[in-house]
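Peer 1: can't give you the sequence, but here's the structure:
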């Protein structure tokens, strides 16, 4: 678990299960950046969950506006936890996108801020490319409309960003042990197995 900004925590599923931590840090909002993970304390925490896989081919950029809105709307009221399964890629990418939006900084600057506080930070190659695309989107968006999230979504739509991202991702040859077309199903299967392992342990 890492404190990224005041009232903003970043971590893995293990910290999301820690009720002592949740209460001590006054966490009232949790953003789950993964499919299939449990919402452990719905009676005391407000959840938002994104159905995304940690795969370079996953389109995550379209989830940035809704995630930023959730964080920005609630962060003044109480602490927020952002997490995925391992706290390395998906939740880190969403956190970086929020910092880029909030602080008007580049991807590299936001990544360095997160990395200094959360050593596990390691967005996958596809997410990094989308965060750099989001940097261009924010240049169009500008500062005057900082809390106009509909405008941010509109820029993504008007510039056909989702389609462009999909085309770029399909054409990239990823290194770092990624052979996308061959390994995509294997990665999704492995994540499902990890989630099943967690769920089985909780039942015991």
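Peer 2: Everything's here; your move. This one's a predicted model, so the numbers in the text were calculated from it and none came from an experiment. Residues are numbered from 1 along each chain as shown.
Peer 1: burial count for the nearest residue to residue 37 once chain neighbours are set aside?
Peer 2: Excluding its sequence neighbours, the residue lying closest to residue 37 (CB to CB, 6 or more residues apart in numbering) is residue 13, at 5.8 Å. Any C-beta I mention is one placed from the backbone N, CA and C, and that applies to glycine too. Residue 13: 20 surrounding residues under other CB atoms under 10 Å.
Peer 1: measure residue 13 to residue 69 for me?
Peer 2: Per CB to CB, to the nearest Å, residue 13 is found 23 Å from residue 69.
Peer 1: what's around the nearest residue to residue 27 once chain neighbours are set aside, how many residues?
Peer 2: Leaving aside its chain neighbours, residue 27 sits nearest to residue 79 (4.6 Å; criterion: CB to CB, 6+ apart). When neighbours are defined as other CB under 10 Å, residue 79 has 19 of them.
Peer 1: same question, the one 5 residues further on
Peer 2: Residue neighbour count, defined by other CB under 10 Å, stands at 28 for residue 84.
Peer 1: kindly report the same for the one 10 residues further on.
Peer 2: The criterion is other CB under 10 Å. On that basis, residue 94 has 27 neighbouring residues.
Peer 1: again with residue 147
Peer 2: Counted with other CB under 10 Å, residue 147 comes out at 10.
Peer 1: you'd agree it is in a helix?
Peer 2: No - applying DSSP: H, G, I helix; E, B strand; the rest coil, one finds residue 147 to be coil, outside a helix.
Peer 1: that older thread, please list all residues in contact with the residue nearest to residue 27.
Peer 2: Taking CB atoms under 8 Å, 6 or more residues apart in numbering, we find residue 79 in contact with 7-9, 25-29.
Peer 1: just the helices from this structure, written as ranges.
Peer 2: For the chain, applying DSSP state H gives helices covering 13-16, 19-24, 64-74, 90-103, 107-117, 125-141, 149-158, 161-171, 180-203.
Peer 1: what's the angle between the third one and helix 125-141?
Peer 2: Here helix 64-74 runs at an angle of 70 degrees relative to helix 125-141 (axes from the mean of the first three to the mean of the last three CA atoms, to 10 degrees).
Peer 1: compute the inter-axis angle for helix 64-74 and helix 149-158.
Peer 2: Using the same axes, to 10 degrees: helix 64-74 against helix 149-158 is 170 degrees.
Peer 1: run through who's touching helix 64-74.
Peer 2: 8, 28-29, 31, 33, 46, 48, 50, 80, 82, 94, 97-98, 101-102, 134, 147, 149, 152-153, 156.
Peer 1: mind running it again at 7 Å?
Peer 2: 29, 31, 48, 50, 80, 94, 97-98, 101, 134, 147, 149, 152-153 (CB atoms under 7 Å, 6 or more residues apart in numbering).
Peer 1: those: which two are farthest apart?
Peer 2: 29 and 134 (22.1 Å; CB to CB).
Peer 1: for those two, indicate the residue with more neighbours.
Peer 2: A count of neighbours by other CB under 10 Å puts residue 134 above the other of residue 29 and residue 134, at 25 against 21.
Peer 1: now do that one against residue 54, distance only.
Peer 2: Residue 134 is 18 Å from residue 54, by CB to CB.
Peer 1: measure stretch 5-23 end to end?
Peer 2: 18 Å (CA to CA, to the nearest Å).
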